[in-house]
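**Q** when you get a sec, could you give me coordinates for this:
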Amino acid sequence: MTKLRDWLAIALFVVLAGYVGFSAIRLGLLLWQRVAPADAPAPESATAALSAMAADPLTAAVSDRICRHMNSDHAEAVLAYARHYGGIAEAGQARMVAVTPEAMELEVDGTSLLIRFDHHLSDSEDAHRTLVAMLRALPG
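**A** I've put the predicted structure just below:
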């Protein structure tokens, strides 16, 4: 089950990457860091390219893009966020409404639910990492 959760997290990571402004170089480096042995050095050119790039600020447009993607392609993950982090075990439907630096706003069975992040999100890359980490941290 852990392997399945890892593969699902990587798949979500790859798909979300396109929606939050990751370049192919940045995505490649992050995937390298995820699957490479701990002592394997990252390619120098990728490291230099990554440090030269800036992630998108977490604007309303970026929030809308993340929400559209999550609602259309990862509705089960949004429902899992509501059930686990929102404490609504019997949630039937959930939709991501907004992502701000402080929290994600969901609509769960017609009711608004705010799920605060464990830190202030700095940009779109941080939002992506945080959403994936939250999904990976789910039990089971």
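**Q** so where does residue 5 fall, helix or strand?
**A** Assigned by DSSP states H and E, residue 5 belongs to helix 2-19.
**Q** any buried residues in stretch 80-88, and which?
**A** Neighbour-count burial for stretch 80-88 flags 80-86, 88 (criterion: 16 or more other Cβ atoms under 10 Å). Quick note: C-beta positions are derived from backbone N, CA and C, even for glycine.
**Q** quick one: average confidence on that stretch?
**A** Per-residue pLDDT values over stretch 80-88 give a mean of 97.
**Q** mind listing the helices for this protein?
**A** 2-19, 24-35, 44-52, 60-73, 75-84, 124-136 (DSSP state H).
**Q** and the pLDDT for the nearest residue to residue 80 once chain neighbours are set aside?
**A** Spatially, and ignoring its direct neighbours in sequence, residue 80 is nearest to residue 138 (5.7 Å; Cβ to Cβ, 6 or more residues apart in numbering). Residue 138 carries a pLDDT value of 94.
**Q** again, but for residue 129
**A** In this model, residue 129 is scored at 92, pLDDT.
**Q** that one: neighbouring residues, count only.
**A** When counting by other Cβ atoms under 10 Å, one arrives at 16 neighbours for residue 129.
**Q** what's the closest non-adjacent residue to residue 116?
**A** Residue 116 sits nearest to residue 103 (Cβ to Cβ, 6+ apart), 4.5 Å away.
**Q** ugh, typo on my part, it should be residue 97
**A** Among residues not flanking residue 97 along the chain, residue 105 sits closest, at 4.5 Å (Cβ to Cβ, 6+ apart).
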